[in-house]
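Colleague: Give me coordinates for this.
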Amino acid sequence: MAAPGQWSTGLCDCGEDCSNCCLTFWCPCITFGRIAEVLDKGTTCKRPCSCMYRSKLRKQYMLSEKPCNDCLVHCCCESCALCQEYRELKHRGFEPSLGWEGNLARQNQGIVMPPVGAGEMKR
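Modeller: Down below sits the predicted model:
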């Protein structure tokens, strides 16, 4: 687990999850949709502004705004930002490809996930 305020992986560590890196390169909206689904706890409307979800992820897990502000990160390197956010959710016990309901089902089946903070993984 990453130290408080630190991302679990770097912005350019896309090679740590090659399958997601390839998916994000060819179909970034799929990765974005998966991130939004988990962060919005299944109630997402798939708003197109992906930097808003980076901000939401950072606030939810108290991550630092590095290497620069969220909109600039997404503007300069959208694919790297999406890959990093996807990896962050995976490192925190989510499987973004399952969506919110799939992650709830995993939790209810007793699959071990890291503890979550107040208001997380609830209906």
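
Colleague: Show me what the longest helix along the chain is packed against.
Modeller: Counting residues, the longest helix found in the chain (DSSP state H) is helix 78-91. Judged by 3 or more Cβ pairs under 8 Å, 6 or more residues apart in numbering; DSSP states H and E, helix 78-91 is in contact with helix 18-26, helix 28-39, helix 50-61, helix 70-76. Placement of C-beta: from N, CA and C, glycine included.

Colleague: In CSV, list those along with mean pLDDT.
Modeller: As requested, these are exported to CSV (pLDDT from 0 to 100):
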stretch, mean pLDDT
helix 18-26, 95
helix 28-39, 92
helix 50-61, 93
helix 70-76, 93
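
Colleague: coming back round to it: for the longest helix of the chain, buried residues please.
Modeller: Residues of helix 78-91 classed as buried: 78, 80-91 (neighbour count, 16 or more other Cβ atoms under 10 Å).

Colleague: ditto for stretch 88-107
Modeller: 88-94, 96-97, 99-100, 102-104, 106.

Colleague: can you give me the end-to-end distance of that stretch?
Modeller: End-to-end distance for stretch 88-107: 18 Å, by Cα to Cα, to the nearest Å.

Colleague: chain center to that stretch: distance?
Modeller: Remark: stretch 88-107 is offset 10 Å from the chain centroid, using Cα atoms, centre = their mean, to the nearest Å.

Colleague: In contact with the residue lying closest to Cys71 once chain neighbours are set aside, which residues are there?
Modeller: Leaving aside its sequence neighbours, Cys71 sits nearest to Cys51 (Cβ to Cβ, 6 or more residues apart in numbering; 4.3 Å). Cys51 is in contact with 70-71, 73-75, 81, counting by Cβ atoms under 8 Å, 6 or more residues apart in numbering.
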